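Engineer: compute the structure for the input listed below.
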Amino acid sequence: MSVWRKYWETWKNIMFNPQTAFSKLNNFRDTNIFYLQSMGITYILTVILLLLLFGGILIIFSILGSSGIEGIPDDQFPLMLLGGLAGGIILFPFALLLYWGSLYVWAGIVHLFVLMFGGKGYRETVTAIGYSSAGQPLTVIPILNYVAMFYMIFLQIMGIKARHKLTTGKAVAIVLIPTFFFMMIFGIVYIILLSLSDVF
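Structural biologist: Numbering: from 1, shown residues only. The predicted structure is shown next:
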């Protein structure tokens, strides 16, 4: 079975039958490969969407007969699109490394709560978080992105429950406590930045 065919089959199982799928996933190397594939797809879709959005803006300017965006000559737009594409390609491996590192950081944070509730080893947590990235490519799609983000939280709960053999209540607490904590921090920082922008 090819790498991408295997990804597709695993993706379907995780998305539509997570409880069974999480309990059968035992290859730690495959966890990392699946996660990087999910994040790679997300990155590529994001770059394509941004280029299409920018290209659409250029088409609208052209239809309206505009001379272009102020300060940017019309003949520079194609070069800007190519530059954006080139930048996306160059940054791709660095983005994957950053994503990969974030997997272990977030898994480490979640695992602190796993230990509090009597869970197993760190690798089990990484597996649960890694395969929960199945919903990540869907976050690129407008409107559906909110549903996908909440579904990934659900997948993390199901993964923690299955991998650590914990109750649903414990798995919910393990995932939601750090999630709400970081959402709160993000909200506070956002409010502070808004306040500073009004001052300056």
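Engineer: how much space between the residue nearest to the spatial centre of the chain and residue 84?
Structural biologist: Against the mean C-alpha coordinate of the chain, by CA atoms, centre = their mean, the closest residue is residue 136 at 4.3 Å. Separation of residue 136 from residue 84 (CB to CB, to the nearest Å): 22 Å. Where C-beta positions appear, they are placed from N, C-alpha and C, glycine not excepted.
Engineer: repeat for residue 146
Structural biologist: Residue 146 is 26 Å from residue 84, by CB to CB.
Engineer: which residues of the chain fall in helices?
Structural biologist: Per DSSP state H, the chain carries helices over the ranges 3-16, 18-24, 28-63, 77-116, 122-131, 144-164, 168-199.
Engineer: deepest of those, which one?
Structural biologist: helix 122-131 (a mean of 24; mean count of other CB atoms under 10 Å).
Engineer: off-centre distance for that helix?
Structural biologist: Computed by CA atoms, centre = their mean, to the nearest Å, the chain-centroid distance of helix 122-131 equals 15 Å.
Engineer: neighbouring contacts of it?
Structural biologist: Identification of contacts with helix 122-131 by CB atoms under 8 Å, 6 or more residues apart in numbering yields 10, 14, 21-22, 25, 28, 31-32, 34-35, 103-104, 106-108, 110-111, 114, 119, 155-156, 159-160, 162-164.
Engineer: any weak-confidence spans in the protein?
Structural biologist: 1, 58-78, 197-200 (pLDDT under 70).
Engineer: let's see that with 90 instead.
Structural biologist: The chain contains residues with pLDDT under 90 at 1-3, 19, 23-27, 50-88, 120, 142-143, 182-183, 186-187, 189-200.
Engineer: enumerate every residue touching the residue nearest to the centre of the chain.
Structural biologist: Here residue 136 is in contact with 38, 39, 41, 42, 148, 152 (CB under 8 Å, 6+ apart).
Engineer: format the residues you listed as CSV; extra columns: distance to residue 186.
Structural biologist: Converted to CSV, these look like this (distance: CB to CB, whole Å):
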residue, distance to residue 186
38, 22
39, 20
41, 25
42, 20
148, 18
152, 16
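Engineer: name the nearest of these relative to residue 99.
Structural biologist: residue 39 (4.0 Å; CB to CB).
Engineer: tell me the contacts of that closest one?
Structural biologist: 95, 96, 99, 100, 133, 136.
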